[in-house]
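In: from the sequence below, what's the structure:
(one chain, ligands or ions: 1)
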Amino acid sequence: MTAAREGADGAVGSRSALATGTAYPSTEHGEVSLPSPVPERMRLLEVGPRDGLQNVDATIDTALKIDLINALLPLGFDRIEAVSFVHPHAVPLMADAEAVMAGIDRRLGPTRIVGLVPNDRGVRRALDAGVDELNFVLSATESQDRWNLNRSLAGSIVLLESALSMAVAAGVPMRVTISTAFGCPFEGYVPPERVLDLARRCAELGAAEICLGDTTGMANPRQVYSLFQRMAESVPRVRRAVHLHNTRGTGPANLLAAMQAGVDVFDASLGGLGGCPFAPGATGNVCTEDMVHMLHAMGVRTGVDLVALLDVARAFEGRLGVPLPGQLLRAGPILDGLTPRNDYDAR
Ligand code: ZN
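Out: So this is what the prediction gives:
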């Protein structure tokens, strides 16, 4: 074991390398950099408990949701999207948002808790329940907004304006996620100008962060890189984030493309939990442990303990009773940069 294999936390060996992303061969053997530099640290929003669970067929009881969030809290995530404050009639699975929030043990970790809100009433409920941040979702296209949210795009903007002013008054940061920013199942290719106009409007209204979502997995890396580059120019001074689905296998490549455009915030879901409403059975959000593994292997930090994360993913898969699409769960991580290991828990 050489000194170069020591992790930032001083621990020695593969577990440290896996946890911190500091001692893989990629960073040890003088490999040249990628043509476009990528951020040295990525900030993760774990969306499994909300976006992920909302899109699985199984019935999930409140205790399981609470257990999952509490298991994720000590792992080093920047944020966890825990609940949604949409109307219980619209998404019955999220009707227990207040109960879930009450069950979260904040002593387990400093991770900030995010709640999804569709309107003023959702903001009020979220603030009362004690979330740290809010996430407001709207679609980039009219037809998707009507299908998914049952309102017009103009109607969404009115709701956003009101919700954002409440958030600003309460001093709670609100992110705006523009879903179907790259492709729409009804309208196809989404013109970048439309997304940028919408992003500019959200920034003017006070959004703390703007996330572009590929909810239906239609984006490609060139498109992702291009749109985020243009966003940096035309909507400066707002934090950019990316929400990717791996529906057609382009998720990891799209993440790398976003990183090359300087995006350092991304969403991912434990075990790849989730789905796609337009492709039954298709893979959902990019898988957290797969992405953390890729990033750590590249020497990019996430702050997340990958070994502990895999333990949580495997345990949760068992409790859920359905196989999760995450690939690391099947193949095992590459602990020392050379040897795939399925017995990673024998550390
Ligand atoms: Zn998603």
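
In: from here on, just use CA atoms for contacts and neighbour counts.
Out: Noted.

In: tell me where the stretch 51-200 of the chain is predicted with low confidence.
Out: 57-58, 145, 147-149 (pLDDT under 70).

In: that one: helices as residue ranges?
Out: All helices of the stretch 51-200 of the chain, identified by DSSP state H, counting those that start in this stretch, fall at 53-54, 62-72, 97-103, 120-129, 142-149, 153-170, 192-205.

In: can you redo these as JSON lines with mean neighbour count and distance to Val47?
Out: Output for those, formatted as JSON lines (neighbours: other C-alpha atoms under 10 Å; distance: least, C-alpha to C-alpha, whole Å):
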{"stretch": "helix 53-54", "mean neighbour count": "22", "distance to Val47": "9"}
{"stretch": "helix 62-72", "mean neighbour count": "19", "distance to Val47": "10"}
{"stretch": "helix 97-103", "mean neighbour count": "18", "distance to Val47": "14"}
{"stretch": "helix 120-129", "mean neighbour count": "18", "distance to Val47": "16"}
{"stretch": "helix 142-149", "mean neighbour count": "16", "distance to Val47": "18"}
{"stretch": "helix 153-170", "mean neighbour count": "17", "distance to Val47": "21"}
{"stretch": "helix 192-205", "mean neighbour count": "18", "distance to Val47": "21"}
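
In: nearest to Leu227, of those?
Out: Closest to Leu227 of the helices of the stretch 51-200 of the chain is helix 192-205 (C-alpha to C-alpha; 6.4 Å).

In: from the chain's centroid, how far away is the closest one?
Out: Put simply, helix 192-205 sits 21 Å off its chain's centre (C-alpha atoms, centre = their mean, to the nearest Å).

In: if we can go back for a sec, any chance of CSV for the helices of the stretch 51-200 of the chain, columns distance to Ala253?
Out: Shown next, in CSV, are these (distance: least, C-alpha to C-alpha, whole Å):
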stretch, distance to Ala253
helix 53-54, 24
helix 62-72, 25
helix 97-103, 33
helix 120-129, 34
helix 142-149, 25
helix 153-170, 30
helix 192-205, 19
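
In: quick check: which of the ones you listed is nearest to Pro35?
Out: helix 192-205 (24.1 Å).

In: that older thread, out of the helices of the stretch 51-200 of the chain, nearest to Val312?
Out: That would be helix 62-72 among these, by C-alpha to C-alpha, at 6.7 Å.

In: helices or strands up against the closest one?
Out: helix 97-103, helix 306-320 (3 or more C-alpha pairs under 8 Å, 6 or more residues apart in numbering; DSSP states H and E).

In: packing partners for the longest one?
Out: Contacting helix 306-320 under the criterion 3+ C-alpha pairs under 8 Å, 6+ apart are the following elements: helix 14-20, helix 62-72, helix 288-297, helix 328-331.

In: that one: which residues count as buried?
Out: Buried positions in helix 306-320, judged by neighbour count with 16 or more other C-alpha atoms under 10 Å: 306-310, 312-314, 316-317.

In: over to stretch 248-257?
Out: Those would be 250-257, for stretch 248-257 by 16+ other C-alpha under 10 Å.

In: of all these, which comes closest to Val172?
Out: Out of the buried residues of stretch 248-257, the member with the shortest distance to Val172 (by C-alpha to C-alpha) is Leu255, at 27.4 Å.

In: quick one: secondary structure of that closest one?
Out: helix (DSSP: H, G, I helix; E, B strand; the rest coil).

In: correct me if wrong: it contacts Leu244.
Out: Yes - contact criterion C-alpha atoms under 8 Å: Leu255 and Leu244 qualify, at 7.4 Å.

In: so what sits against both of these two?
Out: With contacts defined as C-alpha atoms under 8 Å, 6 or more residues apart in numbering, no residue is adjacent to both Leu255 and Leu244.

In: just confirm Arg248 contacts Gly217, I think it does.
Out: Yes - contact between Arg248 and Gly217 holds when scored by C-alpha under 8 Å: they sit 6.0 Å apart.

In: using JSON lines, lay out the helices and strands packed on helix 306-320 together with distance to Pro39.
Out: Below are those laid out as JSON lines (distance: least, C-alpha to C-alpha, whole Å):
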{"stretch": "helix 14-20", "distance to Pro39": "15"}
{"stretch": "helix 62-72", "distance to Pro39": "24"}
{"stretch": "helix 288-297", "distance to Pro39": "10"}
{"stretch": "helix 328-331", "distance to Pro39": "23"}
